[in-house]
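> Predicted structure and sequence below. I'll ask about it afterward.
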Amino acid sequence: MHLKLDLVLQFGKFPNSAAHRALLRKAKVVSWMEPALRHPGEIAVRVVGEDEGRALNLQYRGRDYATNVLTFEYAHDAWVEADLVLCGPVIEREASEQGKTLEEHYAHLLVHGTLHAQGYDHEADERAALEMETLEILLLGSLGFRNPY
């Protein structure tokens, strides 16, 4: 069952950002994220460059590097509210290193971030990681994507 997602999609400026913007059309992003929702909600997705990604990761996680996705969860019980920040250059580099298309990697990280926005945490313990990864594999498979792991 698909639920209602109110999506705000934003793009910062970074090398090759036009290709990322062209790939990540709002309807496509919603089609990837909605199946991962347990409740309706509002999620803002911002695709940023490495400087912005690094600054946010340092400020909020104390880690001085740009990471692929940051999730800021505000509510997830009956209504999901969150911000997802994806670092375009990191995602592009990882996709190449992992032999994935940019689309496959974005779909995975958007599903991953949507699950985080609802309280899933793969860093909590092995059982939580297995639960989250299994759910990601099933959701991505239902969307026509291969196992990201």
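Now that the structure is in, tell me what you want to look at.
> Show the residue spans covered by the strands in this protein.
5-11, 41-48, 69-75, 80-87 (DSSP state E).
> Let's have those strands in TSV, adding mean pLDDT and distance to residue 61.
Where you see a C-beta, it was placed from the backbone N, CA and C, and this is true even at glycine. As requested, these are exported to TSV (pLDDT from 0 to 100; distance: least, Cβ to Cβ, whole Å):
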stretch	mean pLDDT	distance to residue 61
strand 5-11	97	20
strand 41-48	98	15
strand 69-75	96	7
strand 80-87	98	11
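> Show the pLDDT at residue 78.
If you check residue 78, the pLDDT there is 91.
> got it, and residue 2?
Listed pLDDT for residue 2 reads 58.
> Ok, residue 65 next?
Looking at residue 65, the pLDDT reads 97.
> Torsion angles phi and psi at it?
Residue 65 adopts backbone torsions of phi -160, psi 160, taken as degrees, to the nearest 10.
> Quick check: chain neighbours aside, which residue is closest to it?
residue 54 (6.0 Å; Cβ to Cβ, 6 or more residues apart in numbering).
> Could you do residue 117 as well?
Nearest to residue 117 is residue 82, by Cβ to Cβ, 6+ apart, at 3.5 Å.
> residues touching the residue nearest to residue 65, list them.
64-66 (Cβ atoms under 8 Å, 6 or more residues apart in numbering).
> can you pick the most crowded of the residues you listed?
residue 66 (24 neighbours; other Cβ atoms under 10 Å).
> Next, work out how far apart that residue and residue 114 are.
20 Å (Cβ to Cβ, to the nearest Å).
> ok, and for the longest helix along the chain, which residues are buried?
For the chain, the longest helix by residue count, based on DSSP state H, is helix 126-142. Neighbour-count burial for helix 126-142, counted by 16 or more other Cβ atoms under 10 Å, picks out 131-133, 136-137, 139-140.
> and the two most separated of those residues?
Based on Cβ to Cβ, the longest span within the buried residues of helix 126-142 runs between 131 and 140 and measures 15.1 Å.
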